[in-house]
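In: I'll drop the sequence and a predicted model, then ask my questions.
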Amino acid sequence: QRLQDTISPIKEAPYTRLCSTKNILTVNGMFPGPTLRAYQGDTVFVEVHNQGTQNITIHWHGVLQPRNPWTDGPEYITQCPIQPGGKFNQKIIFSTEIGTLWWHAHSDWTRATVHGALNVYPKKGTNYPFPKPHKEVPIILGEWWKKDVAEVLDAFLETGGRPSPSDALTINGQPGDLCPCSKSDTLLVEQNKTYLLRIVGATVNSIVHFSVANHNLTVVGWDGRYTKPLTTEYITISSGQTMDVLLTTNQNSSSHYYMAARVYSSGLGVLYVNTTTTVRLQYKGNDAVPSQRSTPPILPYFPAFSDTKYAFNFITKLRGLVDKDHPIKVPQNVTTRIFSTLSINAFPCTKNTTCEGPNGTSLAASMNNISFVKPSTSILEAYYNGINGVFQTDFPEKPPLAFDFTYDLSPLALQLSSRGTKLNVVDYGSTVEVVFQATSVVTALDHPIHLHGYSFYVLGYGFGNFNETRDKLTYNLVDPPFVETVVVPKNGWATIRFTADNPGVWFMHCHFDRHLVWGMETVFIVKNGKNGPKEKMLPRPSYMPQC
Ligand code: C2O
Ligand code: CU
């Protein structure tokens with residue numbers, strides 16, 4: 001057990017990007033925020049001080065927090081927000097996670113600027129399953145709005161239409177050379193060394209491709225788990241995902257290269273940020289060659305913005321690392337089966353003005369046609385204290401909706417979701433399988449679905465309507481990736497499986513913040529087991545924030 005001395009005053013600070021200055025929320029005045037370092041299995045305490053002017057919470061993304069939902073962080077799910085002037089001492093319990101994870105705010109859209117990396121190192125005396133890298137390099141992918149993010153969110157919710165896209169993609173907070181008033185950072189490298197890129201998908205509403213001109217990448221970790229090494233020219237990484245990637249500097253040292261990221265957006269007519277963010281990759285010694293300084297660095301290749309094939313070519317290739325040190329246990333007998341549709345749909349306009357959704361509706365998002373409504377108190381507290389009326393336990397409603405989920409627009413009746421705080425209660429030790437089906441009710445999109453408190457096996461992906469008899473034959477039960485965010489393809493499906501052995505209240509949601517505020521989420525309550533304290537939630541800390 002270790003005591004982390006990072007105290008984190010969350011406060012506003014002025015930052016200038018894209019030729020204009022605004023105040024943003026920062027941690028310790030930094031954007032992106034500080035990196036938290038831990039060894040596998042550590043317990044770390046972070047005291048979060050809110051010195052800003054709005055409510056906030058902090059979430060440790062990808063940390064399983066065994067039996068400890070209390071300090072997991074999602075606002076109104078496991079805690080009331082930390083109010084301005086308040087503090088909250090958060091316990092972060094690491095167990096089997098290793099590699100790169102991240103932490104971020106989990107209240108409205110504050111995570112746009114309040115986020116940072118969480119580096120988890122092998123325990124003392126143990127090693128990576130790959131050669132020790134020469135150095136590690138943080139690559140935090142983000143999005144920047146010229147306007148105040150809280151105002152962007154308000155305007156978006158006000159119209160009932162689509163949000164304005166961000167003005168630039170960023171790496172480590174910088175839009176880079178190709179954007180106005182911006183300059184790329186330079187990564188100075190030595191020839192023939194291997195660098196570990198710790199890549200964090202901290203974008204708000206996007207999936208991006210990331211690539212380094214003329215260099216291959218080798219993916220060795222994903223979402224805080226090792227993967228079978230995968231050598232590739234590019235990676236596709238969603239909001240909510242993290243990847244550990246090796247870069248070997250074996251190219252001509254007299255050229256300059258860009259490491260760059262650009263959006264992948266599957267939705268036709270969906271507004272997205274179309275800038276390319278860059279970092280300069282420069283070999284040591286080459287800075288002395290003046291003739292090179294005037295040639296622009298080489299840019300990597302990017303496909304068309306909507307190239308779903310290109311994205312899933314990479315995504316579906318990743319495999320979990322399986323060997324005698326990393327055995328896998330895909331649960332076999334499924335006890336809880338959930339079929340979950342993911343839709344962008346609409347809700348009747350509640351304002352006097354015309355809303356910008358189809359036929360004057362307000363746009364919404366849903367799981368199983370229910371747009372989740374966050375209560376005004378913590379679900380975890382309500383559950384723990386047996387308070388009635390805060391949530392209902394009938395998710396998903398039965399019988400399931402019967403309509404063609406893909407390709408055809410369904411009747412307008414089905415575009416209207418219902419609203420509710422509906423969640424799913426499972427017994428300790430249940431084996432849960434969820435098949436996510438992305439639909440095309442108003443528009444067809446990919447959805448990165450993230451689950452708190454668990455890593456899960458991704459058994460398979462496919463395009464079109466899920467067909468159980470046909471598609472379960474394609475499941476990978478041998479070396480599936482073990483992750484906490486899965487990208488469900490546009491007009492397609494993805495299947496995950498996990499054993500519900502972490503009692504508590506755990507959020508599951510689309511990691512695009514625009515879909516999160518529209519209601520594409522639900523909660524799992526995993527009950528305590530019956531075999532003693534090891535199967536029970538930890539007691540409630542007395543100092544939980546109050547609503
Ligand atoms: Cu990265 Cu619920 O969050
Ligand atoms: Cu989504």
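Out: Yes, it's here. Ligands and ions are numbered 1, 2, ... in the order given.
In: Strands of the stretch 51-200 of the chain, residue ranges please.
Out: 58-61, 87-93, 99-105, 115-121, 135-144, 168-171, 186-189, 194-201 (DSSP state E, counting those that start in this stretch).
In: between the ones you listed, which gets nearest to ligand 2?
Out: strand 194-201 (13.7 Å; Cβ to the ion). In short, each C-beta sits where N, CA and C put it, glycine included.
In: quick one: contacts for Gly116?
Out: For Gly116, the contacting residues are Val27, Met30, Pro32, Gly33, Pro34, Thr35, Leu36, Trp102, Trp103, His104, Ile140, taking Cβ atoms under 8 Å, 6 or more residues apart in numbering as the criterion.
In: coming back round to it: compare the strands of the stretch 51-200 of the chain and give me the one nearest ligand 1.
Out: Ligand 1 sits nearest to strand 58-61 of all the strands of the stretch 51-200 of the chain, at 3.8 Å, using Cβ to the nearest ligand atom.
In: other SSEs contacting that closest one?
Out: In terms of contacts (3 or more Cβ pairs under 8 Å, 6 or more residues apart in numbering; DSSP states H and E), strand 58-61 is packed against strand 87-93, strand 99-105.
In: repeat that with 7 Å
Out: In terms of contact count using 3 or more Cβ pairs under 7 Å, 6 or more residues apart in numbering; DSSP states H and E, strand 58-61 is assigned the packing partners strand 99-105.
In: could the strands of the stretch 51-200 of the chain go into JSON lines alongside distance to Val48 and mean pLDDT?
Out: As requested, the strands of the stretch 51-200 of the chain are arranged in JSON lines below (distance: least, Cβ to Cβ, whole Å; pLDDT from 0 to 100):
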{"stretch": "strand 58-61", "distance to Val48": "5", "mean pLDDT": "98"}
{"stretch": "strand 87-93", "distance to Val48": "5", "mean pLDDT": "95"}
{"stretch": "strand 99-105", "distance to Val48": "10", "mean pLDDT": "98"}
{"stretch": "strand 115-121", "distance to Val48": "13", "mean pLDDT": "96"}
{"stretch": "strand 135-144", "distance to Val48": "19", "mean pLDDT": "98"}
{"stretch": "strand 168-171", "distance to Val48": "24", "mean pLDDT": "98"}
{"stretch": "strand 186-189", "distance to Val48": "31", "mean pLDDT": "96"}
{"stretch": "strand 194-201", "distance to Val48": "19", "mean pLDDT": "98"}
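In: Format the contacts of Gly116 as TSV; extra columns: neighbour count and distance to Val263.
Out: As requested, the contacts of Gly116 are exported to TSV (neighbours: other Cβ atoms under 10 Å; distance: Cβ to Cβ, whole Å):
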residue	neighbour count	distance to Val263
Val27	25	26
Met30	14	25
Pro32	24	19
Gly33	27	23
Pro34	15	27
Thr35	19	25
Leu36	20	28
Trp102	28	19
Trp103	29	24
His104	24	19
Ile140	24	16
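In: okay if I get these as a markdown table plus distance to Leu169?
Out: What follows is these, written out as a markdown table (distance: Cβ to Cβ, whole Å):
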| residue | distance to Leu169 |
| --- | --- |
| Val27 | 21 |
| Met30 | 19 |
| Pro32 | 13 |
| Gly33 | 18 |
| Pro34 | 22 |
| Thr35 | 20 |
| Leu36 | 24 |
| Trp102 | 17 |
| Trp103 | 21 |
| His104 | 17 |
| Ile140 | 11 |
